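A.B. asks: this one's structure only:
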């Protein structure tokens with residue numbers, strides 16, 4: 001083991017991961033930072049409004065993440081063709097994904113109009129359902145733009161050019177902060193305020209950065225090399241693999257976020273103060289989790305590149321390096337959160353009840369961060385290997401069949417309260433990490449035997 005860790009091959013993988021991951025981590029973190037800033041600014045506007053924002057987001061996130069999963073084939077195939085030096089094929093993948101992502105965004109935006117009905121059916125109070133529904137509908141207006149932005153980011157990450165996406169997200173955060181200040185606090189008469197103001201600001205921001213990314217790709221210096229301006233010919237059957245990769249990922253991520261949406265409903269049943277405390281702690285977890293998402297995306301690229309070259313040992317090194325770096329990074333972040341829990345929570349709220357309830361939850365969120373990060377990066381390694389449906393099944397079992405009932409049992413029959421939610425997350429993600437890792441190892445062994 002020590003010899004492997006000290007080998008030149010391992011350090012080459014670490015160096016490449018560290019080159020690829022930070023811009024992706026920063027770009028993904030920047031996307032969540034928009035939501036985090038919304039949470040902070042709305043939290044200081046009022047704890048009740050923070051609950052409205054949380055309920056709207058709880059149903060919006062499954063739509064958003066499922067749609068992103070459906071276009072994951074963009075990243076996987078772009079990286080695959082880039083590794084195989086078929087650069088024109090990379091451009092074809094992007095052009096197809098533009099139309100596909102726009103259509104998915106429009107469909108999801110239409111579904112978002114019915115958020116109040118969904119929240120009512122989930123057992124939330126009439127006011128919480130009505131106001132949360134407004135938030136979801138306004139967020140839905142920005143979904144098509146966000147899908148276009150993600151498609152462009154996936155394409156650029158696949159060709160090992162993540163910096164433009166990072167710069168775009170910096171721009172997005174600046175715009176969103178300014179619009180939040182105008183909307184949330186009612187600095188312009190007649191515009192939405194509070195949670196609905198934050199939702200409107202976010203949607204406007206998403207369309208602006210989508211336009212920025214499309215223009216960049218269309219006019220980048222080597223656009224001819226990748227054929228991004230060329231018309232893509234062929235019918236739907238000509239890009240079946242790209243869509244098929246997305247189907248499984250969309251189902252997998254959709255199930256995962258649906259499970260998290262369900263446990264957010266549990267928090268809503270406990271009342272407005274527990275809901276606000278959970279929202280603060282949960283978004284700390286989500287924001288920190290972007291480190292795992294960034295390393296996961298880098299792992300997908302590295303595994304997919306190696307798989308395209310049929311270098312199986314290299315593929316295995318890429319996967320395990322991604323897991324090791326993710327575990328190290330999330331552990332460091334978790335320790336930081338635990339040591340500065342009081343200071344971190346104070347950033348989100350000036351409500352004493354919410355502060356006292358949220359502060360001890362940070363420790364359990366830090367534990368969940370490490371365990372959830374492990375399963376995320378191994379799922380991405382399997383996507384890079386183009387082994388999708390088994391990973392989807394493992395995640396469906398771990399989140400929907402295990403986490404939801406376990407969390408409900410801990411929160412209500414065992415009366416663990418909000419803390420029980422984080423117990424459930426940690427336990428289920430440990431099992432998911434173990435199963436996904438075992439699958440990745442089994443595939444590596446099978447590939448080695450197949451090509452001997």
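C.D. replies: Yes, it's here. What you see is a predicted model; the values in this text were computed from it and never measured. Residues are numbered from 1 along each chain as shown.

A.B. asks: switch to C-alpha atoms for all contacts and neighbour counts from now on
C.D. replies: Fine.

A.B. asks: For stretch 307-322, the averaged confidence score.
C.D. replies: Mean pLDDT, computed over stretch 307-322, is 84.

A.B. asks: ok, residue 74 - contacts?
C.D. replies: 93, 94, 97, 151, 154, 155, 242 (Cα atoms under 8 Å, 6 or more residues apart in numbering).

A.B. asks: Report the separation between it and residue 243.
C.D. replies: 9 Å (Cα to Cα, to the nearest Å).

A.B. asks: re earlier: secondary structure for the contacts of residue 74 - can I get that in TSV?
C.D. replies: Below are those laid out as TSV (DSSP: H, G, I helix; E, B strand; the rest coil):
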residue	secondary structure
93	helix
94	helix
97	helix
151	helix
154	helix
155	helix
242	helix
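
A.B. asks: could you dump the residues you listed to CSV with pLDDT?
C.D. replies: Shown next, in CSV, are the contacts of residue 74 (pLDDT from 0 to 100):
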residue, pLDDT
93, 88
94, 90
97, 89
151, 93
154, 91
155, 92
242, 77
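
A.B. asks: Tell me where the model's unsure across this protein.
C.D. replies: Across the chain, the ranges flagged by pLDDT under 70 are 1-11, 13, 191-192, 232-239, 450-452.

A.B. asks: quick one: the helices in the stretch 51-200 of the chain?
C.D. replies: With DSSP state H, counting those that start in this stretch as the criterion, the stretch 51-200 of the chain has helices at 73-83, 87-112, 115-121, 126-141, 143-158, 163-183, 194-219.

A.B. asks: what does the helix or strand following the last one contact?
C.D. replies: Scanning forward in sequence from helix 194-219, with DSSP states H and E defining helices and strands, the next element found is helix 223-226. Residues external to helix 223-226 that are found in contact with it (Cα under 8 Å, 6+ apart): 87, 88, 89, 90, 91, 217, 229.

A.B. asks: quick revisit: show me which of the contacts of residue 74 is closest to residue 367.
C.D. replies: The closest of the contacts of residue 74 to residue 367 turns out to be residue 154 (Cα to Cα; 29.2 Å).

A.B. asks: Name the nearest residue to the closest one, sequence neighbours excluded.
C.D. replies: Once flanking residues are discounted, residue 154 sits nearest to residue 75: 4.7 Å by Cα to Cα, 6 or more residues apart in numbering.

A.B. asks: Share the number of residues neighbouring the nearest residue to residue 101 once chain neighbours are set aside, please.
C.D. replies: Spatially, and ignoring its direct neighbours in sequence, residue 101 is nearest to residue 147 (5.4 Å; Cα to Cα, 6+ apart). By other Cα atoms under 10 Å, 28 other residues sit near residue 147.

A.B. asks: try residue 121
C.D. replies: 11.

A.B. asks: mind listing what's buried in stretch 111-130?
C.D. replies: Using 16 or more other Cα atoms under 10 Å as the test for burial, stretch 111-130 gives 112, 113, 115, 116, 119, 120, 124, 128, 129, 130.

A.B. asks: follow-up on the earlier one: got CSV for the contacts of residue 74, with distance to residue 266 and neighbour count too?
C.D. replies: Below are the contacts of residue 74 laid out as CSV (distance: Cα to Cα, whole Å; neighbours: other Cα atoms under 10 Å):
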residue, distance to residue 266, neighbour count
93, 40, 23
94, 39, 26
97, 36, 26
151, 33, 30
154, 34, 29
155, 37, 27
242, 36, 21
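
A.B. asks: circling back to that earlier point, I'd assumed residue 68 was in contact with the residue nearest to residue 101.
C.D. replies: Yes: in this structure, residue 147 is within contact of residue 68 by Cα atoms under 8 Å, at 6.8 Å.

A.B. asks: still on that earlier bit, nearest to residue 317 among the contacts of residue 74?
C.D. replies: residue 154 (22.5 Å).

A.B. asks: mind putting the contacts of residue 74 in CSV, distance to residue 288 included?
C.D. replies: Formatted as CSV, the contacts of residue 74 follow (distance: Cα to Cα, whole Å):
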residue, distance to residue 288
93, 30
94, 29
97, 28
151, 23
154, 21
155, 24
242, 30
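
A.B. asks: Looking at those residues, spot the one nearest residue 420.
C.D. replies: Ranked by distance to residue 420 (Cα to Cα), the contacts of residue 74 are led by residue 154 at 35.5 Å.

A.B. asks: Return the residues in contact with the closest one.
C.D. replies: By Cα under 8 Å, 6+ apart, the contact list for residue 154 reads 72, 74, 75.

A.B. asks: Quick one: distance of the helix or strand that contains residue 395 to the chain centre.
C.D. replies: Using DSSP H and E, residue 395 sits within helix 389-395. Distance of helix 389-395 from its chain centroid, counting by Cα atoms, centre = their mean, to the nearest Å, is 17 Å.
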